[in-house]
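Trainee: Any chance you can model this:
(one chain, ligands or ions: 1)
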Amino acid sequence: MADTSAGLRDLMARWATTVPRKRECLPSLHPQTVLSLPIDIAWLSDEWITALIDLLGSSPAPKAFMLGGRPATPEGMAIMLANLRRLADDIPQVALFRTDLAGLDLIAHGGLAAAIGTSSALRQVIPPSQNPATRETPAEEPGPAPNLLVRDLVTYLPGSVLADRFGDTRGPLCRCLHCGQRWLTSFLSRGDWRDARLHGVAILMEWLPGLTAGTSRAHRMAAWTRLCLRGIDGHDAYNRMTGDPVDRFTPGLPLTFWAGDTSGLHARTG
Ligand SMILES: [Zn+2]
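Mentor: The predicted structure follows:
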């Protein structure tokens with residue numbers, strides 16, 4: 001799981017012991033209040049998820065989670081993704097803000113809302129450091145090329161990665177509402193950041209009607225699963241386009257998990 005320091009574990013343990021007292025306070029919140037909850041992903045470990053649900057499950061107020069940190073292992077990632085679904089199952093009116101496509105998974109599983117960041121920096125929160133001098137200020141993007149939402153892959157990838165893999169060929173053409181007609185391999189510099197964000201919004205707007213049209217949670221889950229399966233197929237299609245036997249497009253663990261492959265949970269205990 002996450003690389004949680006002993007100090008953080010102590011803090012979480014002390015907070016967990018106050019759950020009964022805090023639980024009595026939460027229902028008195030105004031029902032239109034939104035609890036803003038930037039939390040470390042350690043709270044989504046099997047060790048702490050029950051305490052989190054116990055703390056917030058009885059409050060009728062909407063809760064907006066923002067997650068800080070990344071799981072250290074694939075097993076930790078799978079557990080985090082599974083426990084995000086538990087939040088949607090066990091806590092009323094739960095939302096995920098400053099997130100990536102995990103927000104769509106939460107909505108499909110009954111979540112109230114999601115706010116998907118338009119840049120890499122807005123798809124995460126940075127955990128505070130005890131030493132202000134070492135506090136990170138995330139760049140809008142990790143490099144000159146923006147991370148781009150690739151419709152065919154249901155994944156964010158840097159534009160430079162797409163350009164490298166497609167080499168001398170133009171690669172896939174985007175015909176989204178913003179791009180009109182633009183090669184996805186052409187998002188390479190800071191000057192492309194704005195267009196990359198608007199392209200991402202256009203793709204999400206294309207997806208949303210299909211993902212939210214279902215009259216039941218089962219319909220929404222099925223629509224989301226189908227989209228993720230198409231994304232996995234898209235990786236095969238892109239590999240056929242590049243023909244490169246080595247530098248291949250490989251679906252990430254979140255996408256395979258959302259598409260139904262929960263084998264990453266096999267190492268789970270308890
Ligand atoms: Zn586009």
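Trainee: Who are the contact partners of residue 183?
Mentor: Residue 183 sits next to 170-174 when contact means CB atoms under 8 Å, 6 or more residues apart in numbering. C-beta: built from backbone N, CA, C; applies to glycine.
Trainee: Swap in 10 Å and give it another go.
Mentor: Residues near residue 183 by CB atoms under 10 Å, 6 or more residues apart in numbering: 159, 162-163, 166, 169-174.
Trainee: Name the helix or strand of the protein that has the lowest mean pLDDT.
Mentor: Lowest on mean pLDDT, DSSP states H and E among the helices and strands of the chain sits helix 19-25, with a mean of 50.
Trainee: in the following helix or strand past it, what's buried?
Mentor: Per DSSP states H and E, the first helix or strand lying C-terminal to helix 19-25 is strand 35-40. Using 16 or more other CB atoms under 10 Å as the test for burial, strand 35-40 gives 35, 37, 39-40.
Trainee: Distance to residue 182 added to the residues you listed, as TSV?
Mentor: Below are the buried residues of strand 35-40 laid out as TSV (distance: CB to CB, whole Å):
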residue	distance to residue 182
35	40
37	38
39	38
40	38
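Trainee: Turn those residues into TSV, including pLDDT.
Mentor: As requested, these are exported to TSV (pLDDT from 0 to 100):
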residue	pLDDT
35	90
37	94
39	93
40	93
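Trainee: Out of these, name the two that are farthest from one another.
Mentor: Pairwise distances across those (CB to CB) peak at 16.3 Å, for the pair 35 and 40.
Trainee: what helices or strands is the longest helix anywhere in the chain leaning on?
Mentor: As assigned by DSSP state H, the longest helix anywhere in the chain is helix 217-242. Contacts defined by 3 or more CB pairs under 10 Å, 6 or more residues apart in numbering; DSSP states H and E place helix 217-242 against helix 102-108, strand 147-150, strand 155-158, helix 159-166, helix 193-212, helix 253-258.
Trainee: so which of these gets nearest the ion?
Mentor: Minimum separation from the ion across those (CB to the ion) falls at helix 193-212, 3.6 Å.
Trainee: what's the angle from that closest one to helix 217-242?
Mentor: Calculated by axes from the mean of the first three to the mean of the last three CA atoms, to 10 degrees, helix 193-212 forms an angle of 130 degrees with helix 217-242.
Trainee: Check which residues of helix 193-212 are buried.
Mentor: Under the neighbour-count criterion of 16+ other CB under 10 Å, helix 193-212 has 193, 195-197, 199-204, 207, 211 buried.
Trainee: does that helix come close to the ion?
Mentor: Yes. Using CB under 5 Å from the ion, helix 193-212 reaches the ion at residue 199.
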